[in-house]
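[1] Sequence and predicted structure below; questions after.
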Amino acid sequence: MGETTAVKKQEVLKLLADDWKASDIRELGTTLLRLADSLDQAWNGSNVKSIFRWPSELARIEKNALNLAMKARVIYEQRGRRWDHLPADLLGEPAWDMLLDLFIQFAGGAKVSTTSLCMASRVPSTTALRYINALEEAGLVTRSTSEFDKRVTFVALTDQGVLAVGRYLEQY
């Protein structure tokens with residue numbers, strides 16, 4: 001990395017520290033991590049193909065996933081804005097934040113790394129990992145290892161998870 005790149009990074013960091021709230025910086029970090037995950041997997045949104053089965057309730061939810069994901073994004077962002085006004089330890093529902101994030105990424109055909117999902121939960125990683133285990137035991141998520149980097153594990157909604165979150169979002 002050249003000296004000018006390092007200087008530019010320092011300038012960006014100073015701007016962030018001066019003008020942004022902590023929640024804004026966390027959101028940027030999560031976005032950058034997702035971008036890195038996508039680059040690692042050579043993800044291309046134009047290659048996303050519909051996988052819905054027909055006819056079934058799951059197919060209906062999958063077919064409407066992008067609209068439902070927009071609802072999920074609104075809910076997730078509203079929940080995050082509470083942290084600007086209230087103590088974080090009073091607002092915990094990390095499993096729900098994870099499920100919303102996973103549904104949003106499911107709709108776009110993107111993979112979610114465990115690290116990214118921990119950040120989306122808005123709790124310490126150790127707590128988030130316990131919730132991922134609980135979600136997996138409940139049959140709502142599944143984990144898989146990256147084929148490109150064996151150190152990376154992805155978390156995805158199972159069909160049961162898509163149905164559960166999708167049903168809720170349809171009623172929202």
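    Nice, I can see it. Numbers count the residues shown, from 1 in each chain.

[2] switch to C-alpha atoms for all contacts and neighbour counts from now on
    Noted.

[3] Tell me which residue is most central in the protein.
    Nearest to the mean C-alpha position of the chain, counting by CA atoms, centre = their mean, stands residue 101 at 3.5 Å.

[4] quick one: pLDDT of that residue?
    pLDDT recorded at residue 101 is 95.

[5] By average pLDDT, which secondary structure element in the chain comes out worst?
    Lowest on mean pLDDT, DSSP states H and E among the helices and strands of the chain sits helix 22-40, with a mean of 73.

[6] List the contacts of the residue nearest to the centre of the chain.
    Counting by CA atoms under 8 Å, 6 or more residues apart in numbering, residue 101 touches 72-73, 76, 117, 120.

[7] about what we covered before: tell me which residues in the least confident helix or strand of the chain are buried?
    By 16 or more other CA atoms under 10 Å, the buried positions in helix 22-40 come out as 30, 33-34, 37-38.

[8] Out of the contacts of residue 101, the closest to residue 145 would be?
    residue 117 (14.5 Å; CA to CA).

[9] any idea how far that closest one lies from residue 9?
    25 Å (CA to CA, to the nearest Å).

[10] between these two, who's got more neighbours?
    Per other CA atoms under 10 Å, whichever of residue 117 and residue 9 has more neighbours is residue 117, with 27 against 12.

[11] Check whether that one sits in a helix, strand or coil.
    helix (DSSP: H, G, I helix; E, B strand; the rest coil).

[12] for it, what are its contacts?
    For residue 117, counting by CA under 8 Å, 6+ apart, the contacting residues are 98, 101-102, 128, 155.

[13] Adding distance to residue 91, write the buried residues of helix 22-40 out as JSON lines.
    Below are those laid out as JSON lines (distance: CA to CA, whole Å):
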{"residue": "30", "distance to residue 91": "19"}
{"residue": "33", "distance to residue 91": "24"}
{"residue": "34", "distance to residue 91": "24"}
{"residue": "37", "distance to residue 91": "28"}
{"residue": "38", "distance to residue 91": "30"}
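
[14] which SS class is the residue nearest to the centre of the chain?
    helix.

[15] in this structure, what spans have low per-residue confidence?
    1-3, 38-55 (pLDDT under 70).

[16] can you map out the helices along it?
    Secondary structure of the chain (DSSP state H): helices at 3-19, 22-40, 57-63, 65-81, 94-108, 114-121, 125-137, 159-171.

[17] For those, give me TSV that also has distance to residue 143.
    Formatted as TSV, the helices of the chain follow (distance: least, CA to CA, whole Å):
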stretch	distance to residue 143
helix 3-19	34
helix 22-40	15
helix 57-63	20
helix 65-81	21
helix 94-108	12
helix 114-121	9
helix 125-137	8
helix 159-171	13
